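>>> model the structure of this input:
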Amino acid sequence: MKFLLRIVSVILLVFVLPTLVSAGLWATREHPSGWSSAKWGSSGLLPSAQDSPEAAIYVFSAMTGGLKGAIASHAWIVTKTKDGAYQRYDKVGWGAPLRRNHRAPDAFWYSNPPRLVVELKGPEAERLIPKVEAAIEGYPYGQPGGYRIYPGPNSNTFVAHVLRQVPDLGAVLPPDAVGRDYLGDGTFYALDSDGRDLHVSLGGLAGFSVGMRSGLEVNFLGLVAGVDLTRPALKVPGFGAVGL
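Numbers count the residues shown, from 1 in each chain. Below is the predicted model:
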């Protein structure tokens, strides 16, 4: 009985309390009244394709809208070949789930500004773009009906899949990317293609990740707590990575 109480206490302290604090802070801020009143245009974060001719890969993340915006974000991928145009890839919850260029590459998401997760430019980006495109093409939940907001597969499940398939991108999604730890129906674990990160998950509801990019993470009901060792930070539910 004492052991069970300790487990419950840890869950409340590590996962529930920070989430409630984050939700309270979120409620005090101004937010759009609905989808139609939110900003969805370019944030101006990226230069025009003409002004930046080199090849590039970007992964962005932005907090979502409504109540879930207190703890959950939406991620997408942007590629650009040398002298080419930006190509944005998202997964959404309506129609054909995988979308290409349905918004500006650096657009606000429900009025929330994009955060840069990873950026690669030049020859390295040029080398990796075909691998990124192959991972997008091979994503197993890209057909109509292949979206479920919780626990996945959702927009973050899609981007996390690409990051695991192309580990040279050198990144994991932020802790608030709910759905990133969903591995697929009946899939218990996944090892990044370079073998440097291991992900174990029970249907996206509970599990852990450990490795060079993930650090040490424990996920519970889509919330992530842990520590980043390469870029020293604590991963706190509702607050994301808090630098040390």
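
>>> I'd guessed Pro174 sits against Ile71; true?
No: Pro174 sits out of contact with Ile71 when judged by CB atoms under 8 Å, with a separation of 11.3 Å. No exception for glycine: its C-beta is placed from N, CA and C like everyone else's.

>>> of these two, who's got more company?
Between Pro174 and Ile71, Ile71 has the larger neighbour count (other CB atoms under 10 Å), namely 23 against 18.

>>> and the residue lying closest to Asn154 once chain neighbours are set aside, what does it touch?
Using CB to CB, 6 or more residues apart in numbering and skipping residues adjacent in sequence, the residue nearest Asn154 is Gly179, 4.0 Å away. Under the criterion of CB atoms under 8 Å, 6 or more residues apart in numbering, the neighbours of Gly179 are Ile149, Tyr150, Pro151, Gly152, Pro153, Asn154, Ser155, Asn156, Thr157, Ala160, Gly204, Gly222.

>>> nearest to Leu191 among the residues you listed?
Within those, the smallest distance to Leu191 is 13.7 Å, found for Ala160 (CB to CB).

>>> just to be sure, the closest one is in a helix?
Yes: residue state for Ala160 (DSSP: H, G, I helix; E, B strand; the rest coil) corresponds to a helix.

>>> what's the pLDDT at it?
The score at Ala160 is 96. That number is its pLDDT.

>>> equivalent analysis for Phe239, please.
On the pLDDT scale, Phe239 gets 84.

>>> next one: it relative to Ala160, how far apart?
Here the criterion is CB to CB, to the nearest Å. By it, Phe239 lies 20 Å from Ala160.

>>> go on, Thr230?
Taking CB to CB as the measure, Thr230 falls 18 Å from Ala160.

>>> picking up where we left off before, any chance of the contacts of Gly179 in a markdown table, plus neighbour count and secondary structure?
Compiled in a markdown table, those are given as follows (neighbours: other CB atoms under 10 Å; DSSP: H, G, I helix; E, B strand; the rest coil):
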| residue | neighbour count | secondary structure |
| --- | --- | --- |
| Ile149 | 14 | coil |
| Tyr150 | 14 | coil |
| Pro151 | 20 | coil |
| Gly152 | 26 | coil |
| Pro153 | 25 | coil |
| Asn154 | 29 | coil |
| Ser155 | 29 | helix |
| Asn156 | 26 | helix |
| Thr157 | 28 | helix |
| Ala160 | 24 | helix |
| Gly204 | 24 | coil |
| Gly222 | 24 | coil |
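
>>> nearest to Val59 among these?
In terms of CB to CB, no member of these lies closer to Val59 than Ala160, at 10.1 Å.

>>> tell me which residues of stretch 46-65 come out buried.
Neighbour counts using 16 or more other CB atoms under 10 Å place Leu46, Ala55, Ala56, Ile57, Tyr58, Val59, Phe60, Ser61, Ala62, Met63, Thr64, Gly65 of stretch 46-65 among the buried residues.

>>> OK, contacts around the fifth one?
When you say that, I think you mean Tyr58. Applying CB under 8 Å, 6+ apart, we find Tyr58 in contact with Leu46, Ile77, Val78, Thr79, Pro105, Leu116, Val118, Glu119.
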